[in-house]
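>>> I would like the atomic coordinates for the input below:
(2 chains)
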2 protein chains.
Amino acid sequence: MDEISLIRHFWEPLGRAVTHPTVREGIGNDGAVICCEAGQDTVVAVDTLVEGVHFPASIAPYALGWRALAVNLSDLAAMGAEPVCYTLALTLPRADEDWLQAFSDGLRDLSVRHGIQLVGGDTTRGPLTITIQVQGRVPTGTAMRRGGAVAGDRICVSGTLGSAGEALKWLDASRADNPDVRAVLARYFYPEPRLTLGAWLRERGVAAIDVSDGLISDLGQLLGDGGRGARLDYRALPIAPELDALAGSQARELAASAGDDYELCFLWPLDAGKVPESTDEGVPLTVIGEVEAEPGVRLMDGERTIQLASAGYSHFSGESDNDG
Amino acid sequence: MDEISLIRHFWEPLGRAVTHPTVREGIGNDGAVICCEAGQDTVVAVDTLVEGVHFPASIAPYALGWRALAVNLSDLAAMGAEPVCYTLALTLPRADEDWLQAFSDGLRDLSVRHGIQLVGGDTTRGPLTITIQVQGRVPTGTAMRRGGAVAGDRICVSGTLGSAGEALKWLDASRADNPDVRAVLARYFYPEPRLTLGAWLRERGVAAIDVSDGLISDLGQLLGDGGRGARLDYRALPIAPELDALAGSQARELAASAGDDYELCFLWPLDAGKVPESTDEGVPLTVIGEVEAEPGVRLMDGERTIQLASAGYSHFSGESDNDG
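Numbers count the residues shown, from 1 in each chain, chains lettered A, B, ... in the order given. A predicted model of the protein is given here:
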């Protein structure tokens, strides 16, 4: 199969699985054309997944397609944006039709769920690497920004944390008959981008970030350069039952430092009233700490400070990297 | 250096080298925010360069930065779009500061020339791969499309062809003291995206494509699915003096089939009058054939049909690939 056949067999059908009303020209020219709408801003985000760094070589291609789009949609969620369209830059060692069909099925199923249209891409030969760029929209001037934290803001998180981090220990699937293992693997392979929550937070002017590198690391980013810090309540970190069953006393350490959960962490102003217990879709929301005037993120168990071995994932920072 | 340091040291300064008036938020959040303008459409294009496939491991990082952006700007040129902003997904085996500085200098110099702002990206660890997505704008409904060829349309090309293909033979730079070799290497490493010509063609409603995979292959794409074919005049293919000096009798075969020149090929309607001899910037324009009712692209030397061993670059089409 040459590149033109790949486009005809896989990418054009995928591009027809969703038709977004603002897309004038999708796949088939040197570039895609999207209508600019008055009263809207465009939001773009890009994320790359590299084999052996961001996913194991053993990953099912369906899960890889899903996950590659999900981590990008999660960035739109953190900006409060509504998905519009995406491009796919896929580098792969060979054109295996079964692999490509399963990969594109994973992309299709998640793209249909969130109404995001494939409008272009580039398929090249080389080590397996996927770069997706997503485009979304928000009403003019309303996209959420990091920073602006005020002492007293409550720090909140959606869903549960740490399960995807635990999954890294089980990627060889040697205990895939164990329902707890299956549950944490599902969290790793099939993240659920919190788009509805993101849009709801944007309407309330609440700053958010998605937990991709680890809560402490990402919270530091969300606090921004304003000099504010945070106190996190170690006991309050929300843990799924399957993580509790598998990791026991280490569960909260994973919740604080492991990445890949793609939940939203957000700052709820003191004057905004009580934090709802869950979203309209039933995703729990948990208050896990508050913004303080003193810089730095402090993880507290009562009055005792918890010291973690790792604060999250970082590329290029040496041998201690989590390369799961 | 961790990823946050890379952003601070390289990508934030690069993002400040150009400030496009429509960019509300550049680097620093989960996504960039670009203002939608009434009366404009957005054009997006994405291209990936993989080490060992699209460029040799010996490439200077400055040239790699330039070339990675240039091939994407060339897609905007083929759509007649004005550059706005771009994202950079860079996968690299290690964070070498000298390499990164030279790479970002190459990006900066070309981005300043064309007024395109870096607004985001993702830096990951893995085999050297660069995916850039560019965003441009055109007045609503005016982006150029492939297809719509009419028998009698003249087929035209900007500049000269084949030099970048010849350069593949000289990439080890063993004869870099030879000015002809230097000239073809410059064509390969520093393509000039024909943005001014693209915008000029768009204003005239003329369909174009950029010559990236090879003239015959790309012309086939430009003709589209409408069933039209083309006759190309082998003797008319424009050749640079350095290509003539180095390749002799093979120069026109390279001009017809080799890629990487990033000139524009366009269809000039019969009723549009004479094709200008050059652009306002002095880039020559050459009529090289015409659209015919019969499908297929025929390369003719007078009344004799020329058969080429290869019609251009194709990924995944087997061992005969040009993997320069």
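>>> Averaged pLDDT, the helix or strand containing A:Trp200. What do you get?
Here A:Trp200, judged by DSSP states H and E, is contained in helix A:195-203. Across helix A:195-203, the average pLDDT comes to 95.
>>> Quick check: pLDDT value at the residue of the stretch 51-200 of chain A at minimum distance from chain B.
Per Cβ to the nearest Cβ, A:Gly126 is where the stretch 51-200 of chain A lies closest to chain B, at 3.6 Å. Every C-beta, even on glycine, is put in place using the N, C-alpha and C of the backbone. Reported pLDDT at A:Gly126 in the predicted model: 96.
>>> For A:Cys35, grab phi and psi.
When quoted as degrees, to the nearest 10, the phi and psi of A:Cys35 stand at phi -70, psi 130.
>>> That one bridge partners, please.
In this structure, A:Cys35 bridges to B:Asp41 when assessed by DSSP bridges.
>>> residues touching it, list them.
Taking Cβ atoms under 8 Å, 6 or more residues apart in numbering or on different chains, we find A:Cys35 in contact with A:22-24, B:41-42, B:140.
>>> distance of it from B:Gly141?
For A:Cys35, the distance to B:Gly141 (Cβ to Cβ, to the nearest Å) stands at 9 Å.
>>> what residues are shared contacts of those two?
Residues touching both A:Cys35 and B:Gly141 by Cβ under 8 Å, 6+ apart: A:24, B:41.
>>> hmm, back to that, report how many residues lie close to the residue nearest to the residue of the stretch 51-200 of chain A closest to chain B when sequence neighbours are not counted.
Spatial nearest neighbour of A:Gly126, excluding adjacent residues (Cβ to Cβ, 6 or more residues apart in numbering or on different chains): B:Val50 at 3.6 Å. Other residues near B:Val50 come to 21 when the count uses other Cβ atoms under 10 Å in any protein chain shown.
>>> now A:Gly15
Residue neighbour count, defined by other Cβ under 10 Å, stands at 23 for A:Gly15.
>>> Would you check how far apart A:Arg130 and B:Phe266 are?
Slight slip there: residue A:130 is Ile, not Arg. 33 Å.
>>> Might one say that the residue of the stretch 51-200 of chain A closest to chain B is in contact with B:Val53?
Yes. With contact defined as Cβ atoms under 8 Å, A:Gly126 reaches B:Val53; the gap is 5.3 Å.
>>> Please name the residues that touch the residue of the stretch 51-200 of chain A closest to chain B.
Residues near A:Gly126 by Cβ under 8 Å, 6+ apart: A:91-93, B:50-53, B:127, B:129.
>>> Which of these ranks first by neighbour count?
In terms of neighbours by other Cβ under 10 Å, the contacts of A:Gly126 top out with A:Thr91 at 27 neighbours.
>>> give me the beta-bridge partners of it?
Assessed by DSSP bridges, A:Thr91 has beta-bridge partners A:Thr124, A:Thr129.
>>> same check, this time on A:Gly229
A:Glu292, A:Gly296.
>>> ok, now the one 4 residues further on?
Beta-bridge pairing of A:Asp233, defined through DSSP bridges, involves A:Met300.
>>> quick one: contacts for it?
A:Asp233 makes contacts with A:288-289, A:300, as judged by Cβ under 8 Å, 6+ apart.
>>> Which single one of those residues is nearest to A:Leu232?
Nearest to A:Leu232 among the contacts of A:Asp233: A:Gly289, at 3.8 Å, using Cβ to Cβ.
>>> Can you verify the closest one is assigned to a strand?
Yes. Counting by DSSP: H, G, I helix; E, B strand; the rest coil, A:Gly289 is found in a strand.
>>> So A:Asp280 belongs to a helix, correct?
No. Counting by three-state DSSP, A:Asp280 is not part of a helix but coil.
>>> Do I have it right that it meets A:Leu197?
No. If you go by Cβ under 8 Å, A:Asp280 and A:Leu197 don't touch, sitting 9.1 Å apart.
>>> Between the two, point out the one with more neighbours.
Neighbours per residue, other Cβ under 10 Å: of A:Asp280 and A:Leu197, the larger number sits with A:Leu197, 24 against 9.
>>> Now do the contacts for the more buried one.
When contacts are counted by Cβ under 8 Å, 6+ apart, A:Leu197 touches A:77, A:158, A:264, A:279, A:281, A:283.
>>> where's it relative to A:Arg228, distance?
To A:Arg228, A:Leu197 is 23 Å away according to Cβ to Cβ.
>>> Likewise for A:Glu242?
34 Å.
>>> for A:Leu90, same thing?
Using Cβ to Cβ, A:Leu90 is found at 40 Å from A:Arg228.
>>> quick one, which of the two is more surrounded?
Applying other Cβ under 10 Å to A:Leu90 and A:Arg228 shows that A:Leu90 carries more neighbours, namely 24 against 20.
>>> Find the nearest non-adjacent residue to the more buried one, please.
Per Cβ to Cβ, 6+ apart, closest to A:Leu90 is A:Thr123, 5.1 Å.
>>> what's the burial count for that neighbour?
Using other Cβ under 10 Å, A:Thr123 is surrounded by 22 other residues.
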